[in-house]
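>>> With the sequence up front, the predicted model follows.
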Amino acid sequence: MTAIEQLVLDFKTFYSSNPWYGSSYTDVISDITPAEALTTPPNQHSIAVLLWHMVKWRRALTIRLLGNLDFRADDSDADNWVDASAQTAESWEAVKAAFAEQQKILMEQLPLRDEDFLDTEFVPGSTFRQLVSGVLQHDIYHLGQVAMLKGSTRNGGTWQ
């Protein structure tokens with residue numbers, strides 16, 4: 001299996017299969033209600049805000065995969081951590097759709113690449129291998145946070 005094939009498999013597994021670390025994205029997200037997604041625990045982000053944050057960094061990858069190598073993303077961008085108070089039931093549906101769209105682009109674009117692509121720099125000192133792997137690791141990390149928040153909201157909101 002090539003590194004590209006492994007990354008595609010890893011993204012598929014994360015999204016909707018049986019990852020070694022627990023539940024897939026679709027398993028975790030599928031039954032979260034808008035009320036649960038919009039609940040902001042003390043000193044934390046809501047599930048919806050976390051998901052928008054994940055979409056932001058997936059877009060940083062997919063925009064480049066689609067050919068815009070001049071695209072730049074930064075921690076200080078307004079869409080990195082969206083305003084929790086502006087989130088609604090509609091925006092919860094929108095972020096889930098945006099995440100699914102990013103997954104679709106990844107599954108279409110990554111298999112088109114060869115192994116040399118992964119070692120191509122998209123900015124000086126940073127390769128696509130680092131970016132693709134980093135986005136996957138980022139997704140896994142934040143999915144764990146989402147799963148914990150989901151459990152806490154279902155535990156009566158006691159943030160233990």
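Everything's here; your move. As the structure is a computational prediction, the values presented were derived from the model and not from experiment.
>>> by contact count, what packs against the longest helix anywhere in the chain?
Longest helix in the chain by number of residues (criterion: DSSP state H): helix 128-153. Helices and strands touching helix 128-153, by 3 or more CB pairs under 8 Å, 6 or more residues apart in numbering; DSSP states H and E, are helix 3-16, helix 25-29, helix 47-65, helix 115-118, strand 121-123. To be clear about C-beta, it is placed using only N, CA and C from the backbone, and glycine gets the same treatment.
>>> If you count neighbours, what's buried in the shortest one?
Neighbour-count burial for strand 121-123, counted by 16 or more other CB atoms under 10 Å, picks out residue 122.
>>> again, but for the fourth one
Counting neighbours by 16+ other CB under 10 Å, one finds that the buried residues in helix 115-118 are 117-118.
>>> and the gap between the residue nearest the centre of the chain and residue 9?
Nearest to the mean C-alpha position of the chain, by CA atoms, centre = their mean, lies residue 54 at 3.3 Å. As judged by CB to CB, to the nearest Å, residue 54 and residue 9 stand 19 Å apart.
>>> about what we covered before: of all the helices and strands packed on helix 128-153, which lies closest to residue 141?
Closest approach to residue 141 among the helices and strands packed on helix 128-153 is made by helix 47-65 (9.3 Å; CB to CB).
>>> elements contacting the worst-scoring helix or strand of the chain on mean pLDDT?
Least confident helix or strand, the chain: strand 121-123 with a mean of 90, by mean pLDDT, DSSP states H and E. Packing partners of strand 121-123 (3+ CB pairs under 8 Å, 6+ apart): helix 128-153.
>>> Off-centre distance for the helix it packs on?
Average the C-alpha atoms of helix 128-153, do the same for its chain, and the two points are 6 Å apart (CA atoms, centre = their mean, to the nearest Å).
>>> So which bits of that helix are buried?
Along helix 128-153, these residues count as buried under the neighbour rule (16+ other CB under 10 Å): 128-129, 131-132, 135-136, 138-139, 142-143, 146-147, 149-150, 152-153.
>>> same question, stretch 7-21
In stretch 7-21, counting by 16+ other CB under 10 Å, buried: 7-8, 10-11, 13-15, 19.
>>> For it, give the mean pLDDT please.
Computed over stretch 7-21, the mean pLDDT rounds to 97.
>>> Next, count neighbours for the closest residue to residue 119 other than its chain neighbours.
Leaving aside its chain neighbours, residue 119 sits nearest to residue 127 (5.4 Å; criterion: CB to CB, 6 or more residues apart in numbering). Using other CB atoms under 10 Å, residue 127 has 15 neighbouring residues.
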